[in-house]
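[1] quick one, what's the 3D model for this:
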Amino acid sequence: VTPATGSVGVQPGTTVVVNFSEPMLATSLTAAAVSLLDGSTPVLATLAVSPDRRSVTLTPSQPLRGSAVYTLVVKGAPDGPRDESNIAMVDPFISNFAVRDVTPPVLLSLFPAANAREVAPEAVLRATFSEPIAGGTLVLRSANGDVVPAQTALTLGNTALVLSPVNFLPANATFTATLS
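    Down below sits the predicted model:
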């Protein structure tokens, strides 16, 4: 089966291919016998049987959802696919795969907010995201462009990037934070 059982990072536009050890009756390779599920919901897909009837390709009608786990189900007897001798597969075949995350993280909040006034000298900067991030850079610069010495860390399950200046920030000064 393609994608292989347990695959992660599968492309949303993938097709699913089921291979059989022998030619199957094309009439038994139906959406009721071979299906793709998103949770418990069947995925609308077209089925194409290979000329040698040893494989069937499921092509979803729309891209699969990012970060979702899909389940391929090939039914066993009595409702499953049948070979040329009209013998049904005895046991069902079940396979799962995970689609890669295709939604970029969104910046939900930044503290202190842009143009904030009366920020405490000991304040830390915090950028919070809609989902975990693999990494990021948060740099604080003084009004003359000098980088403020600081430590950064990912927190809250990698959904927040925090910058802690090494020293208190001078009062009545302007700073610019750059997030990348």
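[2] pretty sure Ala127 belongs to a strand, no?
    Yes: under DSSP: H, G, I helix; E, B strand; the rest coil, Ala127 sits within a strand.
[3] what about the closest residue to Ala32 other than its chain neighbours, helix or strand, and which?
    Of all residues not flanking Ala32 in the chain, Asp79 sits nearest, at 6.7 Å (CB to CB, 6 or more residues apart in numbering). For glycine as for every other residue, the C-beta is placed from the backbone atoms N, C-alpha and C. Per DSSP states H and E: Asp79 is located in neither a helix nor a strand.
[4] ok, which stretches of the chain are strands?
    7-10, 16-19, 34-38, 41-42, 45-49, 55-60, 69-74, 93-99, 107-111, 125-129, 138-142, 150-155, 160-165, 175-179 (DSSP state E).
[5] redo those as JSON lines? Include mean neighbour count.
    Below are the strands of the chain laid out as JSON lines (neighbours: other CB atoms under 10 Å):
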{"stretch": "strand 7-10", "mean neighbour count": "14"}
{"stretch": "strand 16-19", "mean neighbour count": "18"}
{"stretch": "strand 34-38", "mean neighbour count": "19"}
{"stretch": "strand 41-42", "mean neighbour count": "10"}
{"stretch": "strand 45-49", "mean neighbour count": "16"}
{"stretch": "strand 55-60", "mean neighbour count": "18"}
{"stretch": "strand 69-74", "mean neighbour count": "18"}
{"stretch": "strand 93-99", "mean neighbour count": "18"}
{"stretch": "strand 107-111", "mean neighbour count": "13"}
{"stretch": "strand 125-129", "mean neighbour count": "19"}
{"stretch": "strand 138-142", "mean neighbour count": "16"}
{"stretch": "strand 150-155", "mean neighbour count": "14"}
{"stretch": "strand 160-165", "mean neighbour count": "18"}
{"stretch": "strand 175-179", "mean neighbour count": "13"}
